[in-house]
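> Following is a predicted model, sequence given first.
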Amino acid sequence: MAYSAKIGPSILSSDLSCLGSECVRMMECGADYLHLDVMDGHFVPNLTFGHPMVECLRKSVGQDPFFDMHMMVSRPEQWVKPMAAAGANQYTFHLEATTNPGNLIKEIRESGMKVGLAIKPGTTVEELAPWANQIDMALVMTVEPGFGGQKFMEDMMPKAGANMIVSGSAVIGSDDPRSVIALLRTVVAEAIQKRSLDR
Ligand SMILES: O=C(CO)[C@H](O)[C@H](O)COP(=O)(O)O
């Protein structure tokens with residue numbers, strides 16, 4: 001049986017004035033998908049970009065790269081349709097940002113995107129669990145959302161049996177992103193295999 005892991009570089013630490021070419025560079029270096037960090041200055045104390053930028057990026061990089069939108073925003077409901085129209089593939093919202101996750105999941109599906117559900121370090125897996133069978137991806141954050149390049153919170157490890165890894169500064173800041181992506185993929189796939197054999 002083949003064990004595989006997907007690696008999604010976060011473009012947060014890239015030169016945002018060259019976002020299109022940075023996305024292309026990451027795909028050429030072997031990224032499986034792109035993790036695009038959307039911050040609104042309310043849910044997190046930082047600002048990045050919104051759907052107009054995603055629309056431009058999609059035109060610039062073509063249909064292939066899978067865009068996972070990590071929506072670190074208050075009221076994530078308001079951006080579902082604009083993000084779908086702009087060319088997003090997956091809409092990952094924060095459980096802490098909505099009072100009605102079920103309805104939001106339904107809206108995301110109806111707009112044609114996959115559903116991701118993210119939790120901040122202070123939110124338990126038990127809080128996410130009721131939604132697990134309705135989503136495509138659970139994003140367990142290992143830093144407080146808002147900034148790239150923070151120290152990895154090792155105490156989050158018991159929450160995660162991950163097969164998709166988001167990594168920003170370690171990949172983007174490397175002289176050899178291709179090797180970092182390949183190493184991450186190998187290490188995670190081996191850990192998945194070991195875990196399954198240990199069971
Ligand atoms: O969601 C994020 C910050 O809120 C980033 O995408 C995530 O932290 C990855 O960046 P890095 O590997 O540099 O920490």
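Great, that's in hand. Given the structure is predicted, the values throughout are model-derived calculations rather than measurements. Residues are numbered from 1 along each chain as shown.
> From now on I want contacts and neighbour counts done on CA atoms only, so please keep to that.
OK.
> now for the lowest-mean-pLDDT helix or strand in the chain, which elements pack on it?
For the chain, the helix or strand with the lowest mean confidence is helix 177-198, at a mean of 93 (criterion: mean pLDDT, DSSP states H and E). Other helices and strands packing on helix 177-198, by 3 or more CA pairs under 8 Å, 6 or more residues apart in numbering; DSSP states H and E, are strand 6-9, helix 169-172.
> I'd like the mean pLDDT over stretch 35-49, please.
Confidence over stretch 35-49 (mean pLDDT, whole number) is 98.
> in that stretch, what's buried?
Buried residues in stretch 35-49, counting neighbours by 16 or more other CA atoms under 10 Å, are found at 35-40, 43-44, 47.
> Also near the ligand: which of those residues, exactly?
Filtering those for neighbours of the ligand using CA under 6 Å from any ligand atom leaves residue 37.
> quick one: which of the buried residues of stretch 35-49 is nearest the ligand?
Using CA to the nearest ligand atom, residue 37 is the member of those that sits closest to the ligand, with 5.8 Å.
> So the closest one: helix, strand or coil?
strand (DSSP: H, G, I helix; E, B strand; the rest coil).
> wait, what's in contact with residue 145?
Under the criterion of CA atoms under 8 Å, 6 or more residues apart in numbering, the contact partners of residue 145 comprise 44, 72, 120.
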